[in-house]
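> A predicted structure for the sequence below; I have some questions about it.
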Amino acid sequence: MRKQTRQKSRTFDGKKYRLLLNAKEMVFFLILAFLLLRFIIGFSIVHGNSMEPTLYDGEIVFYTRVNFGYAPGDIVSVRMPNGDYYVKRVVAAAGDVVDLKDGILYVNGRAEAQNDTNEETLEQKGSVVYPCTLGENQYFVLGDNRAESVDSRAFGAVSESQIKGKLWLHFGAFYIRTLY
């Protein structure tokens, strides 16, 4: 009788031990996921059509939080002072002079090719006076769908501290694509 009790006790101890190991692994992976999402990778959902045809409403985008500067052409997640997040394309960086004339974007006196948009880049009501020179750690960001986008034409240049990361992957309803 004692032998059966010991055998049941050992079986029970083995189950507890496996459960404890599984719990430790689960806690480890939860902590790892938290740290990864807090300090290295972020995600956002695209709202609206301001980045069409590159990104569409409802897509999930992932961005890297660890970056060493941003360059024209990069698509970034920007946190606005009111707490909203925007997804926009960097068109000019610190020290650049941005101008809008007759629906054409000029950076440092050179007309920018509109590879990502078919729209004219018209001025918007806001605080921006053209030509505008970007200060240190400032970026001028625009949506690819210029007619529908609220961007730096309306709210001005964004600081590097407002940029939360550079997009590198997005999920649509039926696909996954990298942006590089």
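Perfect, I can see it now.
> now the helix or strand that contains D13: buried residues?
D13 is part of helix 2-39 when elements are defined by DSSP states H and E. By neighbour count with 16 or more other CB atoms under 10 Å, helix 2-39 contains no buried residues. The C-beta positions use only the backbone N, C-alpha and C, and glycine is treated the same way.
> which strands and helices sit next to it?
On a contact count with 3 or more CB pairs under 8 Å, 6 or more residues apart in numbering; DSSP states H and E, helix 2-39 meets no helix or strand.
> so how far is the helix or strand just after that helix from its chain's centroid?
Downstream of helix 2-39, the next assigned helix or strand under DSSP H and E is strand 41-45. Counting by CA atoms, centre = their mean, to the nearest Å, strand 41-45 is centred 6 Å from the centre of its parent chain.
> same check, this time on stretch 142-152
Centroid separation between stretch 142-152 and its chain, computed with CA atoms, centre = their mean, is 16 Å.
> what of stretch 68-77?
The answer for stretch 68-77 is 10 Å, by CA atoms, centre = their mean.
> first-to-last residue distance for it?
Length of stretch 68-77, first residue to last, CA to CA, to the nearest Å: 15 Å.
> so for it, what gets flagged as buried?
Within stretch 68-77, the residues that qualify as buried by neighbour count (16+ other CB under 10 Å) are 70, 74-77.
> again with stretch 89-97
Counting neighbours by 16+ other CB under 10 Å, stretch 89-97 gives 89-94, 96 as buried.
> count of neighbours near V128?
V128 has 18 neighbouring residues, counting by other CB atoms under 10 Å.
> what's the spacing between it and L142?
The gap separating V128 from L142 is 12 Å, by CB to CB, to the nearest Å.
> who touches both of the two?
152-153 (CB atoms under 8 Å, 6 or more residues apart in numbering).
> tell me how many other residues surround the closest residue to S149 other than its chain neighbours.
Nearest residue to S149 in three dimensions, chain neighbours excluded: G143, at 2.6 Å (CB to CB, 6 or more residues apart in numbering). Per other CB under 10 Å, the neighbour tally for G143 reads 26.
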